[in-house]
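Asks: How does the following fold in three dimensions:
(2 chains)
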Amino acid sequence: MSKELIRLRDVCMAFDDELVLDHLNLYFNDKEFLTLLGPSGCGKSTTLRIIGGFMTPTSGDVLFDGVRINDVPPYQRQINTVFQKYALFPHLNVFENIAFGLRMQRRPDPNDPTGKKLVKIPEEEIRQRVMEMLEVISLKGFEHRKPDALSGGQQQRVAIARALVNRPKVLLLDEPLAALDLKLRKDMQIELKRIQQQVGITFIYVTHDQEEALTMSDTIVVMDKGSIQQIGTPEDIYNEPKNAFVADFIGESNIIDGVMLRDNCVKMYGREFPCLDGGFEPNEPVDVVIRPEDIDIVPKEQGQLVGTVTSVTFKGMQYDIIVDFRGFKWLIQTTDHCPEGSRIGIKIDPDGIHIMKKSKYSGMFGDYSSFSEEYDELDDASLLDEEESEDET
Amino acid sequence: MKKRNSTFNRVFTFLVFLFLYAPILLLIVFSFNAGESSTVWQGFSFHWYRELFQDRLIMRSVYTTLLVSLLATIIATFAGTFAAIGFYSLRRRQRHLLTTVNNIPMMNADIVTGVAMCLFFVAFFSGWSSFATWVNGIQSVFELPTRLTLGFGTLLIAHISFNIPYVILSVSPKLRQMDKNLVDAAMDLGCTWFQAFWKVILPEIKPGIVSGALTAFTMSVDDFIISYFTAGSSSSTLAMTIYGMTKKRVTPEINAISTLLFITVLALLVITNIREARMEQLEQRRRDLPTATAAEAAKYSSPSSSRLPAMLGAGAAAALVICAIWVAGRNAGKPVVNVCSWGEYIDETLITQFEEETGIMVNYQTAESNEALYSLLKSGAGDYDVVVPSDYMISQLIEEDMLEELNYDNIPNFALVSDRFKNLPYDPDNRYTVPYAWGTIGIIYNADMVDEPITSWDAMFSTENAGNVLMFRNSRDAMATALLKLGYSLNTTDEAELREAKELLAQAKRDGVYQSFVMDEVYQKMEGGNAAISAYYAGDYLSMLDNTDEPLEFVVPEEGSNWFVDAMCVLKDAPHKEEAEAWINFIASTEANLANMDYIWYASPNEEALEQYPAYYEELYEEELDPEIYEIMAASQETLDRCQMYLVLPYETRSLYNKLWTELGI
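Replies: Below is the predicted model of the structure:
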């Protein structure tokens, strides 16, 4: 559909012998909204900084429109960045912040036939372009404010305008919404998507928030420990996770050991379940993913499996209940109330079962024995930023 | 209960402030005293401030202080800012390590820093000397100076190095507060690193840089100890000059200059603090702002208000530096002579006169005592041409081959020196010295406070005036009084005799004879009528008479006393020997001796000056010079015959002196 703009070829990055990116191969299409998604320390910010030119990869190539740009400094790349916490210049007002990039620019003098003479952008044009940008971000009338007299959401939009005014081919966004509160974050997600469609350029977006990624992206790249786990559309990633890590990281998943007896039939807990997957060796051990919302609760005599409810949490739209099936705990989301300690049966439709090949992540995820802690971890992760979190204090 | 507590608190607070500020307040008040006393108020006047601005020694050191402080501040601010940025970009562990290393010099005792720098410079110079000699030996294209000395350069280096940590300390927090993505953001938007520094980092850390510079400047102006060890002989900061002046006595002029210094430092501190407070307030308000209106926001963040004063300040600083460099350049290359003498020991108009007549610049400095001078010379920090030590110290210097033989052809005025002061025991063949002044030690007493005139050293040891006697606070002079009373030689090396003398002092001390052991505090005590008896120098007695209505008398006791000569000598390998001899010749002239005698109240060794002084006095003050006074000033040969000179003591005896002095516990 659209052409390739940036390619990372065999990119490695190491800090003090610690491999942060492990032979990364990735390409980005023009006008696409691509999200790098992964937990803290997975290398997504590093990838972004390499594309932005703030880091040079230890090995491998960065290609822009087919040209190697490893050693091109940031100020010579047609790429702009929106930083975590915005990095607006506190001593400049909104107008000057947005105009900053334009004032730095030199371009060939249109009146010079040789085209070698470089001139500044005329003040009139700067004013016009900044005002246009203010319109795009709906902040007209704020041009004389200093950044610290703006709310977080407004600062965020100024940061985006400051980058976009330079008409880059690519906009990099490094967890730009992490510092906003939930409500504002939701609004900004829609706003960002709108802006991207309006200006029609490539957005490369870094986040650890899977919901954000699912909402905005055309393509999601799930990363862990410096390598890519899966690339795909949000639907692909959610519905067809490649391994236990992806299944667990995107949404909630119960991951159970199973054996693929034949196409469309998997065996768990000694029982056969019909499913829609195929192409495995007969009797191949597999990971079975069952989303909490795909499980129906039925009277225990009708259930494919029977288990005991060990915990119930009210979530508003539904209850999150933890059910113990022979020592392995499942998360089930249901609108029915099942009291703690009751025995229930469950039924899973064939399209609710997703079969994955075994991977190094098998057995690490998908058990809800320590349900509450897992939520805590996610919360913590949102407070941290990546590699250089040590330098924060 | 509560009420009483708060009263108590208030009184307590008041007392704390009183203790803190009363001395400074007193100093400020007395800087406006019309009279010369530091204890008696004689009316309001700006006299001492006027005097101050005419005092070339002080004005020159003010100039040196400003120049060194400004240059050191500028360079240290520059270096410190970039160092802080360097620290900032390091990883945390290295940064912590470096920050600690940076903090140590600030915590370190100044005296250690000062001595260490002095030693370092001296060591470097000696290394340089061999290197330069070697370089000059193997080629003849250019010639390196082989002899480097402590001076303005080393003073500046020292100031820069102790200022840098303060700049780093105040810039670092600003860098840490800064969003670390700002530089990346600027580079992302088209800046090179240096443009990013200029457009983004600098405006962010500017408050830190300014307060760092102010702190550095304050520290520089304030510093005494480190300057003292690194300034060498050719430069003297204000603090050093004040210190030199207080050696003799605290004149109201010192009050005046100290007041100015205090006010300068206070002003700088106030500016720094107000700045910081305003910054914090601004920050606070900005933090609270998101709810405020745009108009208010614009008000708090308007940048234009601080532009003009900042530019004016920068302009003034630049002008000062240019001015200073111009003056320094004008003076560079002129012949100079570095002189080290005692405080209040010369009529300073003589220096100006000499400079005008010969075109030779005089760097005039003062030392505290013979012993202090000796250690200064030994350490290599005292790079003087001419020194004016006392007799016994001269012998020691000759013994240690630290003096240069003089070429008396260049000092024709030596012929004017009375034969009585030639070929004295410290320089038997008179090859090294030209006498400067001489005098006697005696007993000063307040006639109203003693029953009958004092004639004997007994008075220094008898309980009759217990609690009203002042004794020397230096071992040689104090022991001398006891040796004289016991009838022993002042130069005895006999341990038993010395122990007996020490026991005499110890007994008197136990009996409460001594109010205190003093040097220059003697002025206040005797002038104010706070003590009855004191052993001290004749010249100082005469100075006291000028400032008091107390009936003070001076006597050279019947047992005899010490008489001393201070003489000018040139140090071995002095770089400006010719200029030094010109200076010595000038000071040895009759006119100079007359002026000096009148100023310092010590007798001249110049035969003509001794004869002409009474007439000179009469012409100047339109009153006759009291012959009794003149006899005290310039004792007759008869009196001198009763007196002994100090000779240099053997090493063991000097150690014994130190030991006994320590045992005495003063």
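
Asks: can we go C-alpha only for contacts and neighbour counts from here?
Replies: Will do.

Asks: which residues in the stretch 101-250 of chain A form strands?
Replies: A:106-108, A:118-120, A:170-174, A:202-207, A:219-224, A:227-232 (DSSP state E, counting those that start in this stretch).

Asks: average pLDDT across the fourth one?
Replies: Per-residue pLDDT over strand A:202-207 has a mean of 91.

Asks: same question, the second one
Replies: Regarding strand A:118-120, the rounded mean pLDDT is 84.

Asks: And for it, what's in contact with it?
Replies: For strand A:118-120, contacts defined as CA atoms under 8 Å, 6 or more residues apart in numbering or on different chains pick out A:103-109.

Asks: Let's have the strands of the stretch 101-250 of chain A in CSV, adding mean neighbour count.
Replies: Output for the strands of the stretch 101-250 of chain A, formatted as CSV (neighbours: other CA atoms under 10 Å in any protein chain shown):
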stretch, mean neighbour count
strand A:106-108, 13
strand A:118-120, 13
strand A:170-174, 25
strand A:202-207, 25
strand A:219-224, 24
strand A:227-232, 19
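
Asks: I'd like those strands as JSON lines, with distance to A:Ala159 appended.
Replies: Formatted as JSON lines, the strands of the stretch 101-250 of chain A follow (distance: least, CA to CA, whole Å):
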{"stretch": "strand A:106-108", "distance to A:Ala159": "22"}
{"stretch": "strand A:118-120", "distance to A:Ala159": "22"}
{"stretch": "strand A:170-174", "distance to A:Ala159": "10"}
{"stretch": "strand A:202-207", "distance to A:Ala159": "14"}
{"stretch": "strand A:219-224", "distance to A:Ala159": "23"}
{"stretch": "strand A:227-232", "distance to A:Ala159": "28"}
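
Asks: Around chain A, which positions in the stretch 101-250 of chain B sit nearby?
Replies: B:179-182, B:184-192, B:200, B:203-204 (CA under 8 Å from any CA of the partner chain).

Asks: Could you list which of the residues you listed belong to helices?
Replies: In this view, these that belong to helices under DSSP state H are B:182, B:184-188, B:203-204.

Asks: Format those residues as JSON lines; extra columns: pLDDT, neighbour count and distance to A:Arg9.
Replies: As requested, these are arranged in JSON lines below (pLDDT from 0 to 100; neighbours: other CA atoms under 10 Å in any protein chain shown; distance: CA to CA, whole Å):
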{"residue": "B:Leu182", "pLDDT": "87", "neighbour count": "21", "distance to A:Arg9": "29"}
{"residue": "B:Asp184", "pLDDT": "85", "neighbour count": "24", "distance to A:Arg9": "24"}
{"residue": "B:Ala185", "pLDDT": "88", "neighbour count": "29", "distance to A:Arg9": "26"}
{"residue": "B:Ala186", "pLDDT": "88", "neighbour count": "26", "distance to A:Arg9": "28"}
{"residue": "B:Met187", "pLDDT": "86", "neighbour count": "26", "distance to A:Arg9": "25"}
{"residue": "B:Asp188", "pLDDT": "86", "neighbour count": "26", "distance to A:Arg9": "23"}
{"residue": "B:Pro203", "pLDDT": "87", "neighbour count": "16", "distance to A:Arg9": "40"}
{"residue": "B:Glu204", "pLDDT": "86", "neighbour count": "21", "distance to A:Arg9": "38"}
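
Asks: Kindly indicate which of those lies nearest B:Ile360.
Replies: Distance ranking of those against B:Ile360, using CA to CA, places B:Pro203 first at 48.4 Å.

Asks: Spit out the contact partners of the closest residue to the closest one other than its chain neighbours.
Replies: Nearest residue to B:Pro203 in three dimensions, chain neighbours excluded: A:His91, at 6.8 Å (CA to CA, 6 or more residues apart in numbering or on different chains). Listed by CA under 8 Å, 6+ apart, the contact partners of A:His91 are A:146, B:203-204.

Asks: For the nearest residue to B:Ala437 once chain neighbours are set aside, grab phi and psi.
Replies: Computed as CA to CA, 6+ apart, the closest residue to B:Ala437 that is not its neighbour in sequence is B:Ser604, at 4.8 Å. Main-chain dihedrals, B:Ser604, degrees, to the nearest 10: phi -90, psi 150.

Asks: which residue sits closest to the residue in chain A that chain B sits nearest to in space, ignoring its chain neighbours?
Replies: Using CA to the nearest CA, the single residue of chain A nearest to chain B is A:Tyr75, 4.0 Å away. Spatial nearest neighbour of A:Tyr75, chain neighbours left out: B:Gly190 (4.0 Å); criterion: CA to CA, 6+ apart.

Asks: In this structure the one you found contacts A:Gln78, no?
Replies: No: using CA atoms under 8 Å, B:Gly190 is not in contact with A:Gln78; the gap is 9.8 Å.

Asks: How is the chain divided into domains?
Replies: No chain was given, so I picked chain A. A:4-238, A:253-383 (automatic domain parsing).

Asks: Sorry, I should have been clearer: chain B.
Replies: B:2-49, B:57-136+B:144-283+B:309-327.

Asks: Run through the neighbouring helices and strands of the lengthiest strand in chain B.
Replies: Counting residues, the longest strand in chain B under DSSP state E turns out to be strand B:433-446. Based on contacts counted as 3 or more CA pairs under 8 Å, 6 or more residues apart in numbering or on different chains; DSSP states H and E, the elements that strand B:433-446 packs against are strand B:533-537, helix B:538-545, strand B:552-555, strand B:563-571.

Asks: Now that strand: average pLDDT?
Replies: Strand B:433-446 comes out at a mean pLDDT of 93.

Asks: in chain B, what secondary structure element scores lowest on mean pLDDT?
Replies: helix B:294-301 (a mean of 42; mean pLDDT, DSSP states H and E).

Asks: Identify each buried residue in the host helix or strand of B:Met117, please.
Replies: Assigned by DSSP states H and E, B:Met117 falls within helix B:110-138. Buried positions in helix B:110-138, judged by neighbour count with 16 or more other CA atoms under 10 Å in any protein chain shown: B:110, B:113-115, B:117-119, B:121-122, B:125, B:128-129, B:132, B:136.

Asks: Poorly predicted segments of chain A, please.
Replies: Residue ranges of chain A with pLDDT under 70: A:1-2, A:366, A:369-393.

Asks: give me every residue that touches whichever residue of chain B sits closest to chain A.
Replies: When distances are taken as CA to the nearest CA, chain B reaches nearest to chain A at B:Gly190, 4.0 Å away. The contact partners of B:Gly190, taken as CA under 8 Å, 6+ apart, are A:74-76, A:101, A:104-105.

Asks: What is the nearest of those to A:Gly363?
Replies: The closest of the contacts of B:Gly190, once distances to A:Gly363 are taken by CA to CA, is A:Pro74, at 42.4 Å.

Asks: Now for the closest one, how many residues are close by?
Replies: Neighbour count of A:Pro74, defined by other CA atoms under 10 Å in any protein chain shown: 27.

Asks: was I right about it contacting A:Ile50?
Replies: No: judged on CA under 8 Å, A:Pro74 makes no contact with A:Ile50 at a distance of 9.6 Å.

Asks: Chain B contacts on the stretch 101-250 of chain A?
Replies: So the stretch 101-250 of chain A meets chain B at A:101, A:104-105, A:142, A:144-146, A:148-151, A:163, A:166 (CA under 8 Å from any CA).

Asks: again, only this time at 6 Å
Replies: Residues of the stretch 101-250 of chain A lying close to chain B (CA under 6 Å from any CA of the partner chain) are A:101, A:104, A:149-151.

Asks: Take those residues and keep only those in helices.
Replies: Per DSSP H, those map to helices at A:101, A:104.

Asks: State the number of residues packed around the closest residue to A:Leu184 other than its chain neighbours.
Replies: Excluding the flanking residues, the one nearest A:Leu184 by CA to CA, 6+ apart is A:Gly153, at 6.9 Å. By the measure other CA under 10 Å, the count of residues near A:Gly153 is 17.

Asks: Also B:Ile24?
Replies: 16.
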